[in-house]
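Trainee: give the three-dimensional model of this entry:
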Amino acid sequence: MAKGSSGFVAGLTVAAVAVVGFLAFQASANVPDTLGRSATSKSPSAVKSKAPRDKKNPVALPADSGKGERVVYSIDDDRVWLVGANNKVQRTFKVTPGTVDPLPATYAVTSRSNAVSGSDGTPIEHVVRFASNEGVTIGFSAAVDGSTPAPVPTKKLGGIRESRADGDAMWEFATISQKVVVIN
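Mentor: Numbering: from 1, shown residues only. Model prediction:
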């Protein structure tokens, strides 16, 4: 194979992987409600208690939210913290969750997309996916128009919307395999 054609093949491979990732995301966003549901109910003992909060500083990083470089997402507070390797908060911000929450646990970023259409049809950017629940893919994203409306309660949506500025910060921070800690 000629030297010039190896770059062409690499480009085709990258494009093919991007298309497959996009199609997988779109497919997971449109899964029927009943598909992938377990026949057993969740055990109450599997639910973690709420991480302790600083009552004087409600935006402070919750205790027991992990160690090291990570994204921390509080379901109850609708807040994200981007935490550096030194365990110092680099940025914190409010988010608007979808209708399906991730379960409290530690995850890793599994895929990212620069720009796609959200499962609600809104053009979104800087999508950072890390979990799934009830057959719905869950990730952070920012609407291109900057909006963060409440999701339609009748749809199963896993998008956690953030402002465009916060989406830019998340995109820079949360690369593939970045740890994401979800707490109540």
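Trainee: K67 touches N87, doesn't it?
Mentor: Yes. Between K67 and N87 a contact is recorded at 6.3 Å, counting by CB atoms under 8 Å. Where C-beta positions appear, they are placed from N, C-alpha and C, glycine not excepted.
Trainee: other SSEs contacting the lengthiest strand in the chain?
Mentor: The residue-count maximum for a strand in the chain (DSSP state E) belongs to strand 123-133. In terms of contacts (3 or more CB pairs under 8 Å, 6 or more residues apart in numbering; DSSP states H and E), strand 123-133 is packed against helix 3-29, strand 105-108, strand 111-117, strand 136-143, helix 164-173, strand 179-183.
Trainee: tell me which strands and helices the second one is in contact with?
Mentor: Using 3+ CB pairs under 8 Å, 6+ apart as the contact definition, the elements that strand 105-108 packs against are strand 123-133, strand 179-183.
Trainee: turn the ones you listed into a markdown table, columns for mean pLDDT, distance to A63 and mean neighbour count.
Mentor: Formatted as a markdown table, the helices and strands packed on strand 105-108 follow (pLDDT from 0 to 100; distance: least, CB to CB, whole Å; neighbours: other CB atoms under 10 Å):
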| stretch | mean pLDDT | distance to A63 | mean neighbour count |
| --- | --- | --- | --- |
| strand 123-133 | 97 | 22 | 20 |
| strand 179-183 | 98 | 10 | 21 |
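Trainee: nothing else from me, thank you.
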